[in-house]
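Undergrad: Here is my input, please return the structure:
(2 chains)
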Amino acid sequence: MTVTLGRPLTTEPPTPSAPDALDVVRRARRAPVRHHRRLLAGLAVALVGAFAARVLLGDYTVTVPDFVRILGGEQIPGATYIVMESKLPRAVLAVLVGVAFGVGGAIFQTTLRNPLASPDIVGISLGASAAAITVIALAGWTGWPVSAAAIVGALAVALAVRAVAGDHGGFRLVLAGIGLAAAMQSVIQYVFTRVDEYDVQLVLRWLTGSVNGVAWQAIGLLALALAVLLPATGWVARSLRATELGDDTAAGLGVGRGRTDLLMLLGVLLVAVAVAAAGPVAFVAFLSGPIARALNRGRTTLPAAALVGAVIVLVGDYAGAYAFADLNLPVGVVTGAFGAPFLLWLLARGPLRGHRGRRAA
Amino acid sequence: MTALVPTRDDVSRAPGGGQRRRPALPASVAISIVALAGAGALSLLVGARAVPLAAVWDAAHPMHAVVEARLDRTLLGLAVGAALGLAGALMQGLTRNPLADPGILGVNAGATFAMVVGMTAFGFSGMGQFLPLAFVGAAVAAAAVHGIASLGRDGATPMKLAITGAALSAGLASWTTGLLLADRKTMESFRFWQVGTVAGRGTDVLLAGLPFLILGAVLALAGARLLNTLALGDDLARGLGRRTTRDRLVIALAIVLLAGTATALAGPIAFVGLVVPHVVRALVGPDHRRLLPFSMLGGAVLVVLADTVGRVVLPPSEVQVGIMAAVVGVPVFLALIRRTGRAL
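TA: Residues are numbered from 1 along each chain as shown, chains lettered A, B, ... in the order given. Next up is the predicted model:
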């Protein structure tokens, strides 16, 4: 490059007002990184805000000093119970589940290069859900075996989708997933007719997804699973940028199919543990990736997708609990009801070149 | 893939000859009638309690009451199955889409949602009140799915239609659940209805829906030639003097009547409308004048058989026909994707 060669080669003196070309290039290269950092910071602030609102506001307002004292172990009549047994676990679970769905969805959408190929649309969430509900209602299992069943269900559907779609990604995979999702839905509905009236609420959680009324123990299990899965994902996802260019190009850049498959497996596991904890919260996995991507000026970002997912679940849960008078809607109903129009809008806008090349959104 | 449009092969092969000969028309009619009679008889005789054949026509037989009780659901199954098979064949012809099915394209979800709105918001309970709502819901959902899928550069491809339908169904399911959670009483009755079943509904339910089913079937069968012309493509059809928009609206009206009534009567049953026309097309060819009536018969047979098998497959309880239909339908759907997907 001429700029690095220095002045003596040119006879004309450089115009003093022109910016240093080297500096321009450097800044242009840094801009996305800086933007990404600013985005993550902004999302983190939004997350903290939503979390605070979820824990402190609502039908029972807790002041910040009170909250700190409660966390310190102090017993405040009424408030301690509401915060420690209802609001705080609900908010923590919402964050964990949102992170898991957000990352899992973004992994699928990026490696398969199709915004529709998110785990909730191709039936993986419903597979986890169907397996869990079957062992609960028909075999009477409880506790961690249910989570194990959910993971097995998710893996089974993922393998089946893969088997049907073969090496063709794109729409064929999405359609196979839609078919299997319909099958899983009918399994769930069958079980739904078999349970007695008392279990209906429990089963409904597995139909729609809810962060309500969960034990700290379950949250601990989920946190533990994420503590293993998220760093592993971060490590494997270093090659995500090459994967995004397509199988052939990625192979040419030294990123084999094995690594992509490993990443997908991690995505399935992330979604499965989230479903095991909170049920198939609709459209969070689908929405987080594209939103994070749009905020990040079209570049894929897993951390931002995680944060967006957490914010969506927190806000959705808050809206479900308080937005509709005397009606405590599970978060999955809210995200489903408002996520579907977004998906339809995405389809209507028509950027679905799908299997060919990179897509918008 | 199974051709939706008569190909040169079909035409040249028509009078006979060619390697892969289809059964002649009388044979197809005979096969269908035998299947229908067999399915009906099985539905009357098989269940939690097997009934000897003699009980069917001997009114004094101790088991005759069981047969009478099963007659209601058999008739309802026949009607609903015929409507779904016909609606599926119409949709596949109208959209020239091998994956079309009232369940997959969101029509059932629209009808379901509209009915739940009626139950929770207006306290409707009679079938006469549900039917108009189901039609409105089915029509709006069908129009929305088709409208959204047609936007964009390459129009309503089979893939876009299916995905749009799935998206709309998922969203409507969330809204439906939200409404149900607000109203526990409706929930109790709804959770059995939403699986899709022909059990436990009296003759009055069937009679309320029958006029609409007949109207839809008449429209559909009269529209068989319209579909044949539309299958040539819009430009050619217009060149032949057809008013394609009006023709499409007639067919769409028939679909809404059939699928909406079927959903109101028996709940959302997916995949029947997908599977039956494909099987029938392999049997009688792509001409809609034959395809439509045979799809009707095929749908009736499939639903009644599915209901019968569902009674005995997992004792002591029953597996509803909606689930049995999915058990049959999903493998067919996946196989179709594998075949049509090669072009993608």
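
Undergrad: Which strand or helix spans A:V95?
TA: helix A:88-111 (DSSP states H and E).

Undergrad: from the middle of its chain, how far away would the helix or strand where A:Y81 lies be?
TA: Assessed by DSSP H and E, A:Y81 sits inside helix A:79-81. Here the centre of helix A:79-81 is set off from its chain's centre by 31 Å, with C-alpha atoms, centre = their mean, to the nearest Å.

Undergrad: Give me the contacts around that helix.
TA: Applying C-beta atoms under 8 Å, 6 or more residues apart in numbering or on different chains, the contact partners of helix A:79-81 are A:60, A:62, A:66, A:70, A:74. Where C-beta positions appear, they are placed from N, C-alpha and C, glycine not excepted.

Undergrad: try it again with 6 Å
TA: By C-beta atoms under 6 Å, 6 or more residues apart in numbering or on different chains, the residues outside helix A:79-81 that reach it are A:62, A:66, A:70.

Undergrad: Helix or strand for A:A160, just tell me which one.
TA: Going by DSSP H and E, A:A160 is part of helix A:144-165.

Undergrad: Pull out the buried positions in that helix.
TA: If you call a residue buried by 16 or more other C-beta atoms under 10 Å in any protein chain shown, then helix A:144-165 has these buried ones: A:146-158, A:160-162, A:164-165.

Undergrad: So which of these reach chain B?
TA: A:V164 (C-beta under 6 Å from any C-beta of the partner chain).

Undergrad: Could you tell me which residues within the helix holding A:Y81 count as buried?
TA: For helix A:79-81, burial by neighbour count (16+ other C-beta under 10 Å) applies to A:79-80.

Undergrad: Measure how far the helix holding A:V95 is from the centre of its chain, please.
TA: 4 Å.

Undergrad: could you give the angle of the one helix or strand B:V332 maps to to helix A:144-165?
TA: Taking DSSP H and E as the definition, B:V332 sits inside helix B:321-340. In terms of direction (axes from the mean of the first three to the mean of the last three C-alpha atoms, to 10 degrees), helix B:321-340 departs from helix A:144-165 by 40 degrees.

Undergrad: Helix B:321-340 packs against which elements?
TA: Applying 3 or more C-beta pairs under 6 Å, 6 or more residues apart in numbering or on different chains; DSSP states H and E, we find helix B:321-340 packed against helix A:170-194, helix B:272-284, helix B:288-312.

Undergrad: same thing but 8 Å
TA: When contacts are defined as 3 or more C-beta pairs under 8 Å, 6 or more residues apart in numbering or on different chains; DSSP states H and E, helix B:321-340 packs onto helix A:144-165, helix A:170-194, helix B:272-284, helix B:288-312.

Undergrad: Now do stretch B:125-143: distance to the chain's middle.
TA: Put simply, stretch B:125-143 sits 16 Å off its chain's centre (C-alpha atoms, centre = their mean).

Undergrad: and it, average pLDDT?
TA: Mean per-residue pLDDT for stretch B:125-143: 85.

Undergrad: mind exporting it as PDB, just the C-alpha atoms?
TA: Extracted C-alpha coordinates of stretch B:125-143, given in PDB (Å, rounded to 0.1, in the frame of the first residue of the first chain):
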ATOM      1  CA  SER B 125     -72.200 -23.300  23.100                       C
ATOM      2  CA  GLY B 126     -74.400 -24.600  20.300                       C
ATOM      3  CA  MET B 127     -73.100 -26.000  17.000                       C
ATOM      4  CA  GLY B 128     -75.400 -23.500  15.100                       C
ATOM      5  CA  GLN B 129     -73.500 -20.700  16.700                       C
ATOM      6  CA  PHE B 130     -70.000 -22.300  16.200                       C
ATOM      7  CA  LEU B 131     -70.400 -23.000  12.500                       C
ATOM      8  CA  PRO B 132     -70.500 -19.400  11.200                       C
ATOM      9  CA  LEU B 133     -67.600 -18.500  13.400                       C
ATOM     10  CA  ALA B 134     -65.600 -21.500  12.200                       C
ATOM     11  CA  PHE B 135     -66.200 -20.400   8.600                       C
ATOM     12  CA  VAL B 136     -65.100 -16.800   9.300                       C
ATOM     13  CA  GLY B 137     -62.000 -18.100  11.100                       C
ATOM     14  CA  ALA B 138     -61.100 -20.600   8.400                       C
ATOM     15  CA  ALA B 139     -61.700 -18.000   5.600                       C
ATOM     16  CA  VAL B 140     -59.600 -15.300   7.300                       C
ATOM     17  CA  ALA B 141     -56.700 -17.700   8.100                       C
ATOM     18  CA  ALA B 142     -56.700 -19.100   4.500                       C
ATOM     19  CA  ALA B 143     -56.700 -15.700   3.000                       C
END
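
Undergrad: How about it, which residues are buried there?
TA: For stretch B:125-143, the neighbour count (16+ other C-beta under 10 Å) marks B:127, B:129-131, B:133-142 as buried.

Undergrad: Mind putting those into TSV with secondary structure?
TA: Below are the buried residues of stretch B:125-143 laid out as TSV (DSSP: H, G, I helix; E, B strand; the rest coil):
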residue	secondary structure
B:M127	helix
B:Q129	helix
B:F130	helix
B:L131	helix
B:L133	helix
B:A134	helix
B:F135	helix
B:V136	helix
B:G137	helix
B:A138	helix
B:A139	helix
B:V140	helix
B:A141	helix
B:A142	helix
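
Undergrad: about what we covered before: filter the contacts of helix A:79-81 down to the buried ones.
TA: A:62, A:66, A:70.

Undergrad: sorry, back to before: tell me how far the helix holding A:A160 lies from the chain's centre.
TA: The answer for helix A:144-165 is 18 Å, by C-alpha atoms, centre = their mean.

Undergrad: Packing partners of that helix?
TA: Secondary-structure packing of helix A:144-165 (3+ C-beta pairs under 8 Å, 6+ apart): helix A:124-139, helix A:170-194, helix A:257-278, helix B:321-340.

Undergrad: Format these as TSV; extra columns: distance to B:A87.
TA: Below are the helices and strands packed on helix A:144-165 laid out as TSV (distance: least, C-beta to C-beta, whole Å):
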stretch	distance to B:A87
helix A:124-139	25
helix A:170-194	17
helix A:257-278	34
helix B:321-340	13
